[in-house]
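Trainee: I'd like to go over a predicted model; first the sequence, then the structure.
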Amino acid sequence: MEEEIDEFLDTLAGVRGASEHTVAAYRTDLLQAVEFAEGHGVASWQEFGDEVTLRYQASLGPPLAPSTAQRKLSALRSLLKFLKKKGRGIEELPSTGGFKRRRILPKALSESQMTRLLGAMDVRTPSGLRDRALFELLYGAGLRITEALTLRIEQVNLEEHALTVTGKREKTRWTPIPSETGRWIARYLDESRPKLMKRASALLILSDRGNAMNRAVAYANLEKYERIAGIEAHVSPHVLRHSYAVHLLKGGADLRAVQELLGHSSIETTQVYTHLDMDEVAKNYRKAHPRD
């Protein structure tokens with residue numbers, strides 16, 4: 001069995017160009033499968049059908065993280081697929097699913113934290129006013145950071161308080177913006193953007209050099225404002241989008257409407273925000289209920 005692992009890994013490195021790190025990780029995972037086989041009377045890879053694979057899968061439970069266990073199963077499937085292609089007596093590949101990553105609920109800032117964060121930007125400077133407009137787009141309109149950084153001026157309609165956003169898979173959606181967000185965008189367009197612009201550009205948000213802003217710069221700027229505002233929780237651009245969704249739902253917005261506003265293709269993706277909200281409700285209930 002180990003000889004076939006070596007043959008597989010040689011192909012992985014030589015033909016597919018896998019890195020030394022990847023090859024080493026595959027070897028470790030596959031040798032664990034060999035160890036399982038030796039302890040359970042399994043003499044060849046050809047015996048790794050559904051039944052044996054299920055037994056192996058059961059051996060990969062805690063304390064292994066689900067993602068680690070799934071990686072080990074995927075390594076096994078890759079090897080078996082290689083042997084099947086080589087005509088080594090494997091007719092059907094076993095199922096190697098079953099481990100799901102623990103769902104990590106999105107973080108959301110409170111409304112007071114959002115006020116402090118947005119107020120930490122020095123809007124007297126062109127870059128500070130630009131940052132206020134950018135992060136207003138994330139919190140006020142629920143945009144992804146890439147959507148905000150690639151937004152063109154022609155996609156902004158301040159008269160109708162709306163944006164036309166191009167999201168994932170080039171899907172376009174119409175998104176309303178609050179009047180407060182609209183005011184900051186208008187002020188940025190009037191006072192800041194002309195000073196930042198070094199050459200003609202259709203993009204709404206410009207970097208200090210007048211180019212498209214890099215995502216890393218946006219992340220770094222937000223971390224700076226997080227420290228200035230004294231917010232202990234780590235704040236990423238996506239946290240602002242999460243906060244937008246949670247605050248809408250708390251305010252009574254319909255889940256389907258929030259799905260459309262966020263540009264989610266599936267309602268299941270949006271439902272995670274309701275779980276976050278209910279966690280907070282349950283916590284407050286336990287604090288307040290006299291019999292709890």
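Mentor: All right, it came through fine. Numbering: from 1, shown residues only.
Trainee: Can you give me the neighbour number for residue 210?
Mentor: Around residue 210 there are 15 other residues, counting by other C-beta atoms under 10 Å. Backbone N, C-alpha and C define where each C-beta goes, glycine included.
Trainee: confidence score at the spatially closest residue to it that is not a sequence neighbour?
Mentor: Distances taken as C-beta to C-beta, 6 or more residues apart in numbering place residue 198 nearest to residue 210, at 3.2 Å, with adjacent residues excluded. What the model reports as pLDDT for residue 198 is 93.
Trainee: Repeat that for residue 210.
Mentor: pLDDT, residue 210: 96.
Trainee: pretty sure it contacts residue 195?
Mentor: No. Contact between residue 210 and residue 195 fails when scored by C-beta atoms under 8 Å: they sit 9.4 Å apart.
Trainee: picking up where we left off before, now for the residue nearest to residue 210: which residues touch it?
Mentor: 209, 210, 211 (C-beta atoms under 8 Å, 6 or more residues apart in numbering).
Trainee: can you tell me which helix or strand it belongs to?
Mentor: Under DSSP states H and E, no helix or strand contains residue 198.
Trainee: for residue 71, same thing?
Mentor: With DSSP H and E as the criterion, residue 71 is inside helix 66-85.
Trainee: And residue 175, by the same measure?
Mentor: strand 172-176.
Trainee: Show me what that strand is packed up against.
Mentor: Under the contact criterion of 3 or more C-beta pairs under 8 Å, 6 or more residues apart in numbering; DSSP states H and E, strand 172-176 touches strand 162-166, helix 255-262.
Trainee: avg pLDDT for the longest one?
Mentor: Mean per-residue pLDDT for helix 255-262: 77.
Trainee: buried set for that helix?
Mentor: Under the neighbour-count criterion of 16 or more other C-beta atoms under 10 Å, helix 255-262 has 258, 259, 261, 262 buried.
Trainee: what's the answer for stretch 244-253, then?
Mentor: Applying 16+ other C-beta under 10 Å to stretch 244-253 flags 244, 245, 246, 247, 248, 249 as buried.
Trainee: what about the last one, is that helix, strand or coil?
Mentor: For residue 249, the secondary structure call by DSSP: H, G, I helix; E, B strand; the rest coil comes out as helix.
Trainee: repeat for the first one
Mentor: Assigned with three-state DSSP, residue 244 falls in the helix class.
Trainee: sorry, back to before: just curious, which of the buried residues of stretch 244-253 is nearest to residue 22?
Mentor: residue 245 (36.4 Å; C-beta to C-beta).
Trainee: Against residue 132, how distant is the spatially most central residue of the chain?
Mentor: With distances taken as C-alpha atoms, centre = their mean, residue 238 lies nearest the centre of the chain, 7.9 Å away. Residue 238 sits 18 Å away from residue 132, going by C-beta to C-beta, to the nearest Å.
Trainee: what's the answer for residue 237, then?
Mentor: 14 Å.
Trainee: Residue 76: what's it in contact with?
Mentor: Contacts of residue 76 by C-beta under 8 Å, 6+ apart are 29, 30, 33, 48, 53, 56, 96.
Trainee: count of neighbours near the residue lying closest to residue 128 once chain neighbours are set aside?
Mentor: Nearest non-adjacent residue to residue 128, counting by C-beta to C-beta, 6+ apart: residue 122, 3.8 Å away. Residue 122 has 12 neighbouring residues, counting by other C-beta under 10 Å.
Trainee: With residue 92 instead?
Mentor: Count around residue 92 with other C-beta under 10 Å applied: 9.
Trainee: Against residue 175, how distant is the closest residue to it other than its chain neighbours?
Mentor: Ranked by C-beta to C-beta, 6+ apart and with sequence neighbours excluded, the top spatial neighbour of residue 92 is residue 49, at 7.4 Å. For residue 49, the distance to residue 175 (C-beta to C-beta) stands at 51 Å.
Trainee: Which one of those two is surrounded by more residues?
Mentor: Using other C-beta under 10 Å as the criterion, residue 49 and residue 175 rank with residue 175 on top: 21 against 14.
Trainee: Contacts only, for that one.
Mentor: 141, 142, 143, 162, 163, 164, 165, 261.
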